[in-house]
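Engineer: quick one, fold the following:
(one chain, ligands or ions: 1)
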Amino acid sequence: MKGVLPIKGASGREKKAPKELESVLNRYFGYSGFRGKQLEAIEAVLSGRDCFCLMPTGGGKSMCYQIPALVKTGIVLVIPPLIALMENQVASLKNKGVPAEFLSSTQASHTKQRIHEDLDTGNPSLKLLYVTPELVATSSFMAKLKKLYNRGLLGLVAIDEAHCISSWGHDFRPSYRKLSSLRKQFPDIPLLALTATAVPKVQKDVVSSLCLQNPVILRASFNRPNIFYEGQKLPQPWKRLWKSWAPPKCKFFLWLAIRNKCWTSDRLEMRGLDHPVSCLFCDQEQETIQHILCSCVFARQFWHSILFGLNVGNLSPSRDEISFADWWRKTSKKIHKSKRKGMNSIIILGAWCLWIHRNKAVFDGETPSLSSIRCVFLDEIGCWITAGAKHLQSFGLVLARNLHRV
Ligand SMILES: Nc1ncnc2c1ncn2[C@@H]1O[C@H](COP(=O)(O)OP(=O)(O)OP(=O)(O)O)[C@@H](O)[C@H]1O
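Structural biologist: Residues are numbered from 1 along each chain as shown. Below is the predicted model of the structure:
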């Protein structure tokens, strides 16, 4: 890149002086300076280090791999979780004159062919290539990457929304798990893991799942000094959530859900991404995670059938319920202490089933059905009991007896 002179870092790898990086930032993106942990992340990967970077939503994580792509030799491979995300970013980069492309199932075959031909040349014009984790998991694409790597043309691999490896990545996106092979395949290429949601436990999991080697760990402050906050302390459900019996993936899902961090229509729309027009369960209201879990008519019918089966149908969420966490707190309070642990597991399981059912409707086009979600719920309860959920035993028996009557 003209005007940006590489200097040698301690490791002997490419390193750029901040001023030179700032001039690239200014030239392509029009910003006068880096913010948050951007510069530290950029310098880490330019010096060849792996890096885990936690920055708030909208904090500017993409710059951490876009600037290296513009100053580093070779191609930066970016792995985001959503096709819509990569389409958006690629379009915006192209607008700024940055050579970027994405490969996905939605891409026309002649476009894919053109990208592959470019990758096969000795000197590809591409600087950023966005791909899905599923594509990285295929042997044919891995072979292509290997070729790039052997020719010294792979500069950096950036994994966006890296928490997917640890949360819904387990079941929902198994290919995220397979990204662990990147470190083995490309031992000296820096890996950059970016996320806005990672509690220390998840951070550790991301670092170990990706086999990051002695990574630079960056955690930007989530405080926005220009925003005045006023808050009221509400009883939080965390203790109830973490202490209840449920598989970790379900608890983690609910932790995200309570914090409104699931990729439902409202969040996708806020980010300008493709999103279902309305909730696929009821086709009446906008889809939010709170709606799916408690105020949607489908969700309420589901909860009613489960709770009615347990002889506490009166505790089902009402149509005015706007917060799942709030409903859970109220419901839990009304249950006798001796049954509370079991009820908490029932509620986590119910929420998990609703989420899985919603994903099947969104991604597999399945029609929402009360009888099928109830069957899944009953099967799961059996599995949870077998796996050690003692408090659920009596609930399971009552439900198995009563549910067919609902
Ligand atoms: N140094 C900077 N100065 C000013 N604006 C910036 C800077 N870096 C990034 N931005 C802008 O901040 C906005 C958010 O950036 P970006 O989409 O990369 O955030 P993000 O951290 O990836 O967010 P999310 O977690 O939602 O994916 C963009 O409009 C981007 O152009």
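Engineer: W352: what's its closest spatial neighbour, skipping adjacent residues?
Structural biologist: Excluding the flanking residues, the one nearest W352 by C-beta to C-beta, 6 or more residues apart in numbering is C250, at 4.3 Å. Using the backbone N, CA and C atoms, a C-beta is placed for each residue, glycine as well.
Engineer: in which helix or strand does the one you found reside?
Structural biologist: According to DSSP states H and E, C250 maps onto helix 248-258.
Engineer: show me what counts as buried in that helix.
Structural biologist: K249, C250, K251, F252, F253, L254, W255, L256, A257, I258 (16 or more other C-beta atoms under 10 Å).
Engineer: anything in the helix or strand following it near the ligand?
Structural biologist: Counting by DSSP H and E, the element after helix 248-258 in chain order, helix or strand, is helix 265-270. No. Applying C-beta under 6 Å from any ligand atom, one finds helix 265-270 separated from the ligand by no less than 9.0 Å.
Engineer: could I get the buried residue list for helix 265-270?
Structural biologist: Neighbour-count burial for helix 265-270 flags S265, D266, R267, L268 (criterion: 16+ other C-beta under 10 Å).
Engineer: quick check: of those, which lies closest to the ligand?
Structural biologist: Within those, the smallest distance to the ligand is 9.2 Å, found for R267 (C-beta to the nearest ligand atom).
Engineer: what about V157, which helix or strand?
Structural biologist: Assigned by DSSP H and E, V157 falls in strand 154-159.
Engineer: helices or strands up against that strand?
Structural biologist: In terms of contacts (3 or more C-beta pairs under 8 Å, 6 or more residues apart in numbering; DSSP states H and E), strand 154-159 is packed against helix 63-71, strand 75-79, strand 191-195.
Engineer: would you mind giving these as a markdown table with mean neighbour count, distance to the ligand and mean pLDDT added?
Structural biologist: Formatted as a markdown table, these follow (neighbours: other C-beta atoms under 10 Å; distance: least, C-beta to the nearest ligand atom, whole Å; pLDDT from 0 to 100):
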| stretch | mean neighbour count | distance to the ligand | mean pLDDT |
| --- | --- | --- | --- |
| helix 63-71 | 25 | 4 | 96 |
| strand 75-79 | 25 | 11 | 96 |
| strand 191-195 | 26 | 7 | 95 |
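Engineer: out of the ones you listed, which is closest to A108?
Structural biologist: Closest to A108 of the helices and strands packed on strand 154-159 is strand 75-79 (C-beta to C-beta; 20.2 Å).
Engineer: in its sheet, what does the closest one sit against?
Structural biologist: Note on strand 75-79: by DSSP bridges, its sheet partners are strand 128-131 (parallel), strand 154-159 (parallel).
Engineer: give the next helix or strand downstream of the last one.
Structural biologist: Toward the C-terminus, strand 154-159 is succeeded by helix 174-178 as the next helix or strand (DSSP H and E).
Engineer: pLDDT (mean, whole number) over that following helix?
Structural biologist: Here helix 174-178 scores 76 as its mean pLDDT.
Engineer: pull out the buried positions in whichever strand or helix holds N344.
Structural biologist: N344 is part of helix 337-364 when elements are defined by DSSP H and E. By 16+ other C-beta under 10 Å, the buried positions in helix 337-364 come out as 339-362.
Engineer: cool, and stretch 102-113?
Structural biologist: So for stretch 102-113, counting by 16+ other C-beta under 10 Å, buried means F102, L103, S104, Q107.
Engineer: tell me how far it lies from the chain's centre.
Structural biologist: Its chain's average C-alpha position is 23 Å from that of stretch 102-113, according to C-alpha atoms, centre = their mean, to the nearest Å.
Engineer: same question for stretch 311-329.
Structural biologist: Distance, stretch centre to chain centre, for stretch 311-329: 27 Å (C-alpha atoms, centre = their mean).
Engineer: please apply the same query to stretch 100-111.
Structural biologist: The mean C-alpha position of stretch 100-111 is separated from the chain mean by 22 Å, C-alpha atoms, centre = their mean.
Engineer: sorry, back to before: between the buried residues of stretch 102-113, which is nearest the ligand?
Structural biologist: Closest to the ligand, out of all of these and judged by C-beta to the nearest ligand atom, is F102, at 15.6 Å.
Engineer: so W328 is in contact with S244, correct?
Structural biologist: No. Contact criterion C-beta atoms under 8 Å: W328 and S244 do not qualify, at 10.2 Å.
Engineer: so what sits against both of the two?
Structural biologist: N344 (C-beta atoms under 8 Å, 6 or more residues apart in numbering).
Engineer: mind listing what's buried in stretch 192-210?
Structural biologist: Using 16+ other C-beta under 10 Å as the test for burial, stretch 192-210 gives 192-198, 202-203, 205-207, 209-210.
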